[in-house]
Each structure stands twice: as structure tokens, then as C-alpha cells.
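Q: predicted model and sequence below, questions to follow.
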Amino acid sequence: MLKTFPKGGIHPAENKITSSKAIKRMPVPKVVYVPIAQHIGIPSEIIVDRKDKVEIGQVIAKSGGFVSSNIHSPVAGTVTKLDMIVDTSGYKKQCIVIRTDVKNESNFEVQDFPLKKEITMGQKDILKHITDSGIVGLGGATFPSHVKLDLKNDNKVDCLIINGVECEPYLTADHRLMLERADEIIVGIQILMHALHINEAVIGIENNKKDAVKALKRAGQSDKRIKVAALQVKYPQGSEKQLIKAILKREVPKGGLPMDVGVIVHNVGTIFSIYLAVQYDQPLIERVVTVTGKKIENASNFWVKIGTPIKDLVAEVGGLPEGTRKIVNGGPMMGKAIKNTDVPVTKGTSGILVISEDEASRQDPKNCIRCGHCVFVCPMGLEPHLLMNLSEKGLYERAASEDIMTCIECGSCSYVCPSHRPLLDYIRFGKSIIKKLNTAKN
Amino acid sequence: MSDSVLYSVFLLVSLGIIAAIVLYVVSKKFYVYEDPLIGEVDDILPAANCGGCGSPGCKAFAEKLVNTEDISELFCPVGGNDVMKQVSAILGKEVAEQDPTVAVLLCQGACEVRPKTTLYQGPRTCAISAMVYGGETDCQYGCLGDGDCVAVCDFDAMCMDENTGLPVIITDKCTSCGACVKACPRDIIEMRPRNKRDLKIFVGCLNQDKAGIAKKACDVACIGCSKCEDICPKDAVIMTDTLAYIDPIACTLCRKCVEVCPTHSIIETNFPPKKVKKPKEDKPKVEKQAIKKVTVANTNVESEKPKTDA
Amino acid sequence: MADPIIISASPHVHSDRTSKRVMYDVLYALIPAFLVSIYVFGINALILTSVAVISCIVFEYLIQKYLLKTEIAIADGSALITGILLAFNLPSNLPIWMIIIGAFIAIGVAKLSFGGLGYNIFNPALVGRVFLLVCFPVQMTSWPIAVENYLSLDAVTGETTLGIIKEGLMYGETMTTISEKIPSVMELLLGITSGSAGEMSALALLLGGLFLIVRKVITWHIPVTILVTMAVMTGVFWLVNPELYANPLIHILSGGAILGAFYMATDLVTSPMTKKGMVIFAIGIAIITVVIRLFGAYPEGVSFAILIMNAFVPLIDKYFKPRRFGNKIKSKIM
């Protein structure tokens, strides 16, 4: 029996259409739009101005605080304007618009970065490189990575978990990366273990990616400290808390962090960027994005420069198919629907999912028939039906005492509800109000 | 037979006596002294329990009025100056007069002038759809049209206009409690001073985008051209880069700005029609309708009511 | 652009499990029992079921259209199921006008007056049945005997297994003598017995119940707990004095225990929503049933037990919460 987390979870149709498509390189876009709020925390501060020439990899916005991150120019070119454009949040946000210099050859050189196994850097240098390279969690949460690695408090970390679960349907970006860059990922893990003095690392991969499990086992066989754990396929196993529970049977306490149980979790994509940052001094300016959808002609995985408008990606796979009604940035369970394809790829974009008419529409909510399935599938042991009712009626304090804040917003409840009730919509709303009330109190 | 009657009478009487004793003892023992002034003040207050004063209800506000030394900062917006004067007479404390206000909607992005570019699916409340994204239109500053303000209004002073998709404030019923202002996630409802005959002039737009983008999203958006600022004799127009705001205190309601506004985003309500009708000809028709509707709604309260979409 | 892009919050996919599918799964699960009841009671069962179903649907339609003036929700299939379950709980030779009254009580009083599907506290079909049982005790307890009377409308009536036992014990007979009068366990299992229309064949009911569990409409918690608790309780009494108390197998296979455990107690709306709660709920039903059967005035007690426990559901939901992830454990610092 494969390992998994014990409580709740669902198994939506996997639809991993692109799992056999090798990662292609996107042509360099003519214009990139780089938002300054690509990560959780304080937005970065712009340090370039209009008409400035920027080099590839140059810092264009610097970290605005501890929980923040540097942003680098993905191309060499000229800053044409600092504008407000709609990003994945659905609101206009500040962003830096850079026109690619077509004459500058550095834009078109494809660097190969041969495998470099020796770790020459010291602990401090490694952490500094990670901080400076603007690395954030590439699984979708976009939490600045250096914050997770900052072990100032007394918490002793004894295990590093690498998240290669990719439990979201459709997405295959991490899967392909693990297949194609297994050796680099292992080195990346070794770098982190070296920097943090950890002697155990487990790579968690769902068993629908048997080839990735094999690839990483082969790449990591020389290092006895690194194990690969094949996990039962179940959503939301990619959530930190569920993954730790599945692999180590440790339970992160309510309101706590993985560090509280001696664990640090990083996504495989993040590990790969850490490898590039430390071994080759490469900042985070591109990432793997799955562009997919049932009706997309050439759905595939791509190396994409941060800031590339999504319309370029869509054009690359053959354009929007007829009857497209929804475009999602991310996976179908947790991704955000976007207004149009002008929205740029950010550090958190793991996929672009194009949904056509027949599946895009939500059905009208009906009465709750108290079937209890939302309770059964909730991985956090909550009662979504109750939380929805409480936040609909404005009983926020009771909702807080029913642990609404521990909700990880995986969407399993809304997914299974036979009455199509917008459970997560209301829970999210209740959470935002409680957050506001709490900040008002302090 | 007579025994049983006697028994039951005796039983009931003794029960009554015991209950009376218990009630008496309890009421003495647990008596809480309450300042009689609180009751008196509470009687004067409008008993709307709307929370517009900041207290959770009229009784709580009465307590606050009685127990606070200096009540010049406290004000009941629903009762207004009359009520506050009576409170002052009872308590012998100074109250500050405040000008009566009324809620106005700073958006006129009706369906016709502000096309919807996306379709939102989910709970139809402004608060939740505002969390998901910037709204169905391309203007992320304007009205979302899901009627959170209408839902919170305790005085039936708001309703949704089905034709425009915007809420309508029925000025006569508005008590300026401010519930709608708090409920609106976009902050497009403003409390402005109530003038004579309910005359109002204000910029009905909050779009901070640059002129082109704003105009593309909405025909009646303020594009920040500052023509109104130039023409205003009283310097009542405050300009930011992209948006004009009319200071209600400095404004003398001369209506000069209304005419010069190229996008007709300055709204005038309840003014008698101007003599010179010529320049209005080239206004787009839809726009004229939108303004008219507001005026109509303000005057003919009853005729508007059946349209209310509950 | 004809159709604008849709924006909604995540998740953007939905399982194919809808209210309608859940309702129709229940319907399919009832087919085997229905066939058995037609085989046993003939045309009467068909008339009973169709009258109950039609009147339930008609009442729902009329009340929603003319009294409540709400959206008409007969398409969700819940009235249909209430009708079938009501029919399954009635004797097949009940006069038609009584069936209609039962349907009215079930739909009008037990369901719609509480706010419709999802808001009713008590199982509508059982409220209908219990109302009839209390109002018309004679007609409701004269059960047609299961002889092969396919087309005859006047069936011979007789008592149910549990009724015979209860009466026998009252007159001081022992189980040994009574057991000669009642059907064998095998007969109970296959359905050659007398009783209400749907509770005939334990086997057919089990089959449907299994289907429901496989389709994830219900979980095993309620039915299994009810049956196990009942078996344990009646078993203890039987072991103490087999001459005074019936064999647990008889208890489980007769008196609508299986119908109640799989179809009535598991009614989604009127059962608890957590698994812990379900177990408590089921134990309560089993205890009350056994107490009524062994010590009460009625030979059968499942309907009453379920209705009584229905009233406790809000309380159970309040106090038996699922275990919260990461709650009440100290952070283990390694």
C-alpha cells in the first residue's frame, strides 16, 4: 500500500495530457510585462526607470523587506514604461514593461548549463545566492524561498521534503522537469542539505508519475541520504501539511509551520532554480509552464520567460480553440481564472489551462442535502457546509472557532458538492473578513 | 367532588404565592440600577438601531451619551440636529451641529455605457466578487452591481435599477446612517451634504486609470482633463492625475463644470432644466437617459419601487 | 465576441456527482426490492407504489406552486423517492385514500413546511407512515400474507413475524412453540413472509444497499452499526433466555430492520454529517428499536427509533465533529 495522507482528499480526473511532451523553449517574446508583486509578501521596489537599458538577469526591482524577493529582467532590452496592468489577481497592478532588444544576442543564446556536481560554496554564500536570485516557491504559493531557509529560531530541521507530487489535474510541468533534469534536482537537494546541515531528504512523487520516480531513484542512488517516496494518487497531496503527514506521519500543529515538526518542504521547480542560482549564478527569470486544455491542439510544456504575455503561449500551442470560455492560470483546482490573455506569466504560473464551453460553466447552487461529502473529503477535518453557512450569515467569530482559518483552500468541498454549492467561495470570504478583523484588533 | 375543587384551588393559590415570593426575592436581589436618563434619551432616539452612530444600537448609544462627559463628537445621523438638540436639553451637555448628509453614488457606469467583458459566476455579492477579480467590466473602480448596499439598507432607501444595473438612492428615505458606505467594497458611495431641494453636483466616477483606458472601459468615465478645474470659479474641483473631485463645501452649485465635462461624468440632480438647450444635443443619447433615471428615481420614489429586485 | 470569458473562483472542475445522480442512485437501489414486492404481493404492490409516488409528486407540485409560490423542484427526484419509501413502509392492501393522506403528511407536513429538501428534520416517508400507523392502527397492522396472489385484490391478511412473536409471548408461549408459526430465516431472507410492501426480501434490500455504498451515496457506518448493535443487544437477551427472546437473526431480518438501516436511517438530509456522528446515531436507533421491540407495545420499532434519533441529529452534529488536522497536538520538536 502506497503512502498517503489519511483524512479526506479526492481523486479528480487526471487529464495529464502533456505528460509525454518534452519541455520546449518558448521563443523570446517581443515585450515582457513584469509585475512587481509576484510573490507572497511585500511587493518589490522598482529600481529602474523609463528608457533605462537593462541586461538579462539584471535586478529591476529589489526586495521590499524580509518576506519579499528580488525581480530580475528576463530579457535584455529597454524599459518602455512602468504601467498598471491586470495580473492574475484580476486587478491592475504595477508592472515593468520591457521591450526586448532584438539585436542583443544574449537574448537568443540558449545556455545549456552542463551538470555541475561539486558544491564549492559555503553555507552563507548559498543562502545569499538564493536570496539574491529572487527564488520563490514555484509550486504556486510563491512564498520567498529564503524565508523558509532562514533557521534563526530554535527549530531543528531534520528532514527536507521535496514536493514532486503535482496533484493538480492537467499540470505536468514538475513531472517533465523531474524527468529531464533529475540529476540537477538531486544536486539541488544536496546543496540545500549542505547549507542547512540536514541528513535526510525525501522526494514525494505521486505514483501516476512512475517514470519520474524511476528517474530520480536512478539519479539519487549514489546518495544514501536521499530517498524517493512513491505516493498514492490523491488530491491535495501537494499541500505541505498533507505531504508531511503522508511521508513522515508528522502532523503540523494548527497555525504552525512545517518547521515546527522539523521539516522544510520545497517544490522540485524551486530546487532546480536553486541549483541554477548556486551553481551558475542564474537568477529566476524563467520557469516551466504547462499549456494545456482538452481542445488545445499542441498542448505541451515550455520554458517560459517570466513576464511573457499568456497570449504568446496560447499562440504557440495553436491559438485559443473555438468555444473557449475560461482561461485558468494554474491548475483546475486552485488556479485563478483570468480575464484575458494579456496577463503575463509570473513566478507562480505553473500552467495555463484552457477550458471550453461544456466544462467552463458553474451550475446553479441548490439546497444542501446534508450528504456530508464535503466533511468526508476535507483534508483538514473541517465542516465546509457549516463554515459556508456561518460566513454567509456573518457569524465570523463562530466560524473562527470552527477553525475556518486552517482551511487550505484546496477546493475539494466545492468539487464534490452534489448541489454545486459555492462552499469555498464563502469560506474564502469568511477567512478574508476574519483576517481583517484580526489585524484591526492588533 | 367539593374536596377536589378545594384541593385544586388551594394548590393553585399556594403555587401562586410561592412564585410571587420567588419573583420578589429575585427582583430585589438581582436589581441593577440604571440611570433613568438612559431611558429618557433612548426614547428620543429614532429606535432604528442602524448603527450609524458607531454604537451597536440606540440603547447603547443612549448609554454612551449619558456616560460620556463631552458628547460633542457623538452624533445620531438618522435623528439629525433635532434629536441631538433634545438630547442636549435633557443631558445639559453641548452637542455639535452637523450638516445633514445624503448618500450619493459615485459611479454611473450603466450597462449601456460600460460594457461587460467577462461573466462572473459565483455568489452574487459585491464582497465576494470583488475578492475574485476587478469586476465584469474593464473598470475596476466602479460599481459591481450585486447590490450589497441595497441589502444592508435598513430604511428601504436603496434599490437596484434593472436597466442600468446600478443601485439607486432614494434621497427622501436616506437617513445618512452610512451602512451602504461601509458595505461597498469599491467605496463608491459618498456621504455628501444635503443641499436645499436636494441639489447636487458631483463627479460620478472614481476611475483612476489613464484617460484612454478609462474611456475605453466606460463612456462616462472621468478622464482627468481638468476642464472642470479650469472653469470652476470657486476652486472647488480637486484634481489628481486622472480624476476630478468636487469639494461639496466649496461648491456653490453654479453648474459650470457640468457643461464643460467632455465625458459627462459630472452629475447634476434636481436642478430645473436649463434655458439654453442647444449644447445638450450632441450628448450621446444613452448618457442622457442615465442621468434622467437618477433624477426620476429621486423624485418619484413610489414609481421606482416596484422595479426593486429583491 | 458572442460569449464572454467566464470568471469564477477555484475550483474550476466539478465531480460528476450531482444531487440528481444521488437521487437516481437511490432509485436504482430500490428496484430489486420493488420487484420482489411485486412478485410477492402482485398488482397491489404496484398500485400502492404508484399511488404513493404520484400523490407525493402532485402534492409537492401543488404546494410549491400555489401555497409557497417557490420554484418547483419535483425534478430533483426527492419526492419520487419519498413516495417509493413511503409505499415500501405500508401494507400493500392499504386503502388508496389512506395512502394519499400519508403522502400529504410526508410531503406537506414533514418536508415542505420545514423549508423543503435539505431542511426537513424528520424523514418524510417515516413521518407519513407513523402518522398513518397512529391514525389507522387496524388497517396499518393487518398485513397481507405472502401467498402467490398475483392478481387478486383481496389478499388474506395476517400478522408479521415480530407481531406473532410478541403476541405469542404475551400469551405465555415459549419461543420454541412460536418458532413453528413464523417463517424460517431462509424465508425471511428471500421474502416469503408478510409485512409491508418493501421490507419483504432482506436479500434484495441488501443488494440495493450494497449498490448505494459502492456508489458512495451512503457510507457503511449507519447500516452496519445499526445491524451489529441490534444483533449484539438481542443476542445478549437471547443467550440469557432463548425461550423468552427471539433469535437475533430473526430480529435483523424482519420488521423492516434492513429497510430502515439501509434506506430510512441513511436518508442524507436527516442523518448526521460526520462519520463519528453517524455511528452514534446508528447506535441510538438500534438501542431504541430493540427496547421498543422487546419491552414496548409495538412489535416493530424501527420507524419510531429513526424518528426519535432524527430529532437528535442537530445535537449530534454539534458535538461530534471530525478530528481537525493539527489540532490538540503539541508541536513535536525533533
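A: Structure's in. What do you need? Residues are numbered from 1 along each chain as shown, chains lettered A, B, ... in the order given.
Q: give me the contacts around the helix or strand hosting B:Asp43.
A: Using DSSP states H and E, B:Asp43 maps to helix B:36-44. Applying Cβ atoms under 8 Å, 6 or more residues apart in numbering or on different chains, the contact partners of helix B:36-44 are B:58-59, B:62-63, B:65-66, B:79, B:83, B:86-87, B:90-91. Quick note: C-beta positions are derived from backbone N, CA and C, even for glycine.
Q: what pLDDT is listed against the closest residue to A:Ser19 other than its chain neighbours?
A: Nearest residue to A:Ser19 in three dimensions, chain neighbours excluded: A:Thr172, at 4.6 Å (Cβ to Cβ, 6 or more residues apart in numbering or on different chains). pLDDT, A:Thr172: 94.
Q: tell me how many other residues crowd A:Thr172.
A: For A:Thr172, the neighbour count with other Cβ atoms under 10 Å in any protein chain shown is 29.
Q: and it, what is it in contact with?
A: Taking Cβ under 8 Å, 6+ apart, we find A:Thr172 in contact with A:16-19, A:21, A:166, A:290, A:292, A:301.
Q: dump the contacts of helix B:36-44 to JSON lines, plus pLDDT.
A: Below are the contacts of helix B:36-44 laid out as JSON lines (pLDDT from 0 to 100):
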{"residue": "B:Cys58", "pLDDT": "88"}
{"residue": "B:Lys59", "pLDDT": "88"}
{"residue": "B:Ala62", "pLDDT": "89"}
{"residue": "B:Glu63", "pLDDT": "88"}
{"residue": "B:Leu65", "pLDDT": "88"}
{"residue": "B:Val66", "pLDDT": "88"}
{"residue": "B:Gly79", "pLDDT": "85"}
{"residue": "B:Val83", "pLDDT": "88"}
{"residue": "B:Gln86", "pLDDT": "88"}
{"residue": "B:Val87", "pLDDT": "87"}
{"residue": "B:Ile90", "pLDDT": "87"}
{"residue": "B:Leu91", "pLDDT": "86"}
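Q: which of those sits closest to B:Pro272?
A: B:Gly79 (31.2 Å; Cβ to Cβ).
Q: average pLDDT for the top helix by length along chain B, rounded please.
A: Identified as the longest helix of chain B according to DSSP state H is helix B:2-29. Averaged across helix B:2-29, pLDDT comes to 93.
Q: return the set of buried residues in the longest helix along chain A.
A: Taking DSSP H as the criterion, chain A has its longest helix at helix A:423-441. Residues of helix A:423-441 classed as buried: A:423-431, A:433-434 (neighbour count, 16 or more other Cβ atoms under 10 Å in any protein chain shown).
Q: report the entries of those residues that also contact chain B.
A: Intersecting the buried residues of helix A:423-441 with the contacts of chain B gives A:425-426, A:428-429 (criterion: Cβ under 8 Å from any Cβ of the partner chain).
Q: picking up where we left off before, could you dump the buried residues of helix A:423-441 into CSV and include distance to A:Val59?
A: Below are those laid out as CSV (distance: Cβ to Cβ, whole Å):
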residue, distance to A:Val59
A:Leu423, 42
A:Leu424, 37
A:Asp425, 38
A:Tyr426, 41
A:Ile427, 38
A:Arg428, 34
A:Phe429, 37
A:Gly430, 39
A:Lys431, 34
A:Ile433, 37
A:Ile434, 37
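Q: go through those and name the one nearest chain C.
A: For the buried residues of helix A:423-441, the closest approach to chain C (Cβ to the nearest Cβ) belongs to A:Asp425, at 5.1 Å.
Q: and the next helix or strand past the host helix or strand of C:Phe131?
A: In the assignment (DSSP H and E), C:Phe131 maps to helix C:124-135. Going down the chain from helix C:124-135, the next helix or strand is helix C:137-141, by DSSP H and E.
Q: as a whole number, average confidence for that next one?
A: Averaged over helix C:137-141, pLDDT sits at 81.
Q: what residues sit buried inside that helix?
A: Across helix C:137-141, burial judged by 16+ other Cβ under 10 Å covers C:139-141.
Q: and for the closest residue to chain B within the stretch 101-250 of chain C, the neighbour number?
A: Of all residues in the stretch 101-250 of chain C, C:Gly118 sits closest to chain B, at 17.5 Å by Cβ to the nearest Cβ. C:Gly118 is flanked by 18 other residues according to other Cβ under 10 Å.
Q: same question for C:Phe131.
A: 18.
Q: distance of it relative to A:Asp260?
A: Separation of C:Phe131 from A:Asp260 (Cβ to Cβ, to the nearest Å) stands at 57 Å.
Q: which elements pack onto the longest helix of chain A?
A: If you count contacts as 3 or more Cβ pairs under 8 Å, 6 or more residues apart in numbering or on different chains; DSSP states H and E, helix A:423-441 packs onto helix A:384-392, helix A:396-401, helix A:412-416, helix B:126-132.
Q: now do the SS call for the spatially most central residue of chain A.
A: The residue lying closest to the centre of chain A (Cα atoms, centre = their mean) is A:Gly140, at 1.7 Å. Following DSSP: H, G, I helix; E, B strand; the rest coil, we place A:Gly140 in the coil state.
Q: correct me, but it touches A:Gly351?
A: No - using Cβ atoms under 8 Å, A:Gly140 is not in contact with A:Gly351; the gap is 9.2 Å.
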